[in-house]
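Trainee: What follows is a predicted structure for the sequence shown.
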Amino acid sequence: MTSTRRFLHTVLLCITTLTLVAADSIGHEFWVSPSAYRVGGGELVRVSLFHGERFAGDEVARNVPMLERFEFHLGGEVTDVRGMHGATTGFLRPEQAGHGVIVYETREYINPLPAEKFEAYLAEEGLDEISRRRAAMGETSTDGREAYVRCAKALLTVGDAGPFTGETAPVGLPFEVVVESVGGDAVEARLLYAGEPLAGRRVVAVCAFDPATLIELESDADGLVRFEPERAGAWMLTALHMERVSERRDDVDWKSYWASTTFEMPSGPRVAGGAGLGSGA
């Protein structure tokens, strides 16, 4: 490769990376969307990432420099979700039957906002506690210097694994929504932050086939939320946790963790993925 071609290649890579960072910073919700939530053993699964709201959004390209992990957990084994930098689709081909979890975690993005916009963002996301803390520290009129991490999951049933009842184990994300039961008439999930239950946080549930209806919940002392969905299909649970950074930093004051889990209720027809269907795309 000549020096000129090498230079152009470097410039294009930088432009691509900047574009991907900008794209990932837009949108209130972020989710993992498999091509289907139930697949046969050895079947190719296409995995897409979306940002937007209520299962309506834009595909997000894989940004390798900002990717902490993108993998599939099943039966004690972990495999990578394969894909190219800049591509909007990843791939996996699970062989073992069972109920697994697709895991997506980013590295830290920096998201500074002017004071007014930051306060509006806190109000919209129900982070009144953070707004009050800023006021107590005399920071209401100062810019919001935030870093954030995406912590997204999708539940996937492979082969003849029997009915999915929702029992899944934590996967070690900094902040995660762990679905514990979708049996009977109710869904139960637990919020974990640094591996411990997190109380008093808002959790929003939405069904892909009824995106106009939001179910807003609050985690109890054990980090649990429970609701009774009125229909089968693809569902998404989202939660947001923000805290003051513990170490002295010159670039950020707050760090947030955006968690989501998508899954399919066990009854009803096989549901294919896609932004509009909520299975993710």
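Mentor: Yep, that arrived.

Trainee: quick one, what contacts Val182?
Mentor: Residues near Val182 by C-beta atoms under 8 Å, 6 or more residues apart in numbering: 164-166, 188, 263, 265-266. Every C-beta, even on glycine, is put in place using the N, C-alpha and C of the backbone.

Trainee: Could you list the low-pLDDT ranges of this protein?
Mentor: 1-27, 267-281 (pLDDT under 70).

Trainee: need the contact list for Thr261.
Mentor: Taking C-beta under 8 Å, 6+ apart as the test, what Thr261 contacts is 152-155, 176-179, 189, 236-237.

Trainee: picking that back up, got a ChimeraX select line for the buried ones in the contacts of Val182?
Mentor: Buried residues within the contacts of Val182, by 16 or more other C-beta atoms under 10 Å, are selected in ChimeraX with:
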select :164,166,188,263,265,266
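
Trainee: So which of the contacts of Val182 sit within strands?
Mentor: If you go by DSSP state E, the contacts of Val182 have 188, 263 in strands.

Trainee: of the contacts of Val182, closest to Ala87?
Mentor: Nearest to Ala87 out of these is Phe263 (C-beta to C-beta; 24.4 Å).

Trainee: where exactly do the helices run in the stretch 51-200 of the chain?
Mentor: 115-124, 128-136 (DSSP state H, counting those that start in this stretch).

Trainee: what's the angle between the last one and helix 115-124?
Mentor: So the one you mean is helix 128-136. 150 degrees (axes from the mean of the first three to the mean of the last three C-alpha atoms, to 10 degrees).

Trainee: For the closest residue to Lys153 other than its chain neighbours, list each beta-bridge partner.
Mentor: For Lys153, ignoring the flanking residues on the chain, the nearest one in space by C-beta to C-beta, 6 or more residues apart in numbering is Thr261 at 4.6 Å. Counting by DSSP bridges, Thr261 is bridged to Lys153, Leu237.

Trainee: In a markdown table, list the helices of the stretch 51-200 of the chain along with distance to Arg107 and mean neighbour count.
Mentor: Shown next, in a markdown table, are the helices of the stretch 51-200 of the chain (distance: least, C-beta to C-beta, whole Å; neighbours: other C-beta atoms under 10 Å):
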| stretch | distance to Arg107 | mean neighbour count |
| --- | --- | --- |
| helix 115-124 | 21 | 16 |
| helix 128-136 | 22 | 15 |
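
Trainee: residue contacts, the residue nearest the centre of the chain?
Mentor: Nearest residue to the geometric centre of the chain (C-alpha atoms, centre = their mean): Ala152, 2.5 Å. Under the criterion of C-beta under 8 Å, 6+ apart, the neighbours of Ala152 are 30-32, 49, 103-105, 258-261.

Trainee: could you redo the last one with a cut-off of 10 Å?
Mentor: Counting by C-beta atoms under 10 Å, 6 or more residues apart in numbering, Ala152 touches 29-33, 49-51, 70, 102-106, 173, 176-177, 236, 238, 258-262, 280.

Trainee: which residues sit in contact with the spatially closest residue to Gly183 that is not a sequence neighbour?
Mentor: The spatially closest residue to Gly183, leaving aside those adjacent along the chain, is Thr165, at 4.3 Å (C-beta to C-beta, 6+ apart). Neighbouring residues of Thr165 by C-beta under 10 Å, 6+ apart: 99, 179-184, 266.

Trainee: Please report how far Thr165 lies from Ala186.
Mentor: Using C-beta to C-beta, to the nearest Å, we find Thr165 at a distance of 11 Å from Ala186.

Trainee: Repeat that for Leu192.
Mentor: 20 Å.

Trainee: So which of the two has more stuff around it?
Mentor: Leu192 (20 against 12; other C-beta atoms under 10 Å).

Trainee: Tell me the bridge partners for that one.
Mentor: Counting by DSSP bridges, Leu192 is bridged to Glu176, Pro197.

Trainee: Can you report phi and psi for Val252?
Mentor: phi -140, psi 160 (degrees, to the nearest 10).

Trainee: and if you look at the one 4 residues further on?
Mentor: Per-residue torsions, Ser256: phi -120, psi 160 (degrees, to the nearest 10).

Trainee: likewise Glu218?
Mentor: The phi/psi pair for Glu218 (degrees, to the nearest 10) is phi -130, psi 130.

Trainee: isn't it right up against Phe227?
Mentor: No - applying C-beta atoms under 10 Å, one finds Glu218 not in contact with Phe227, separated by 11.2 Å.
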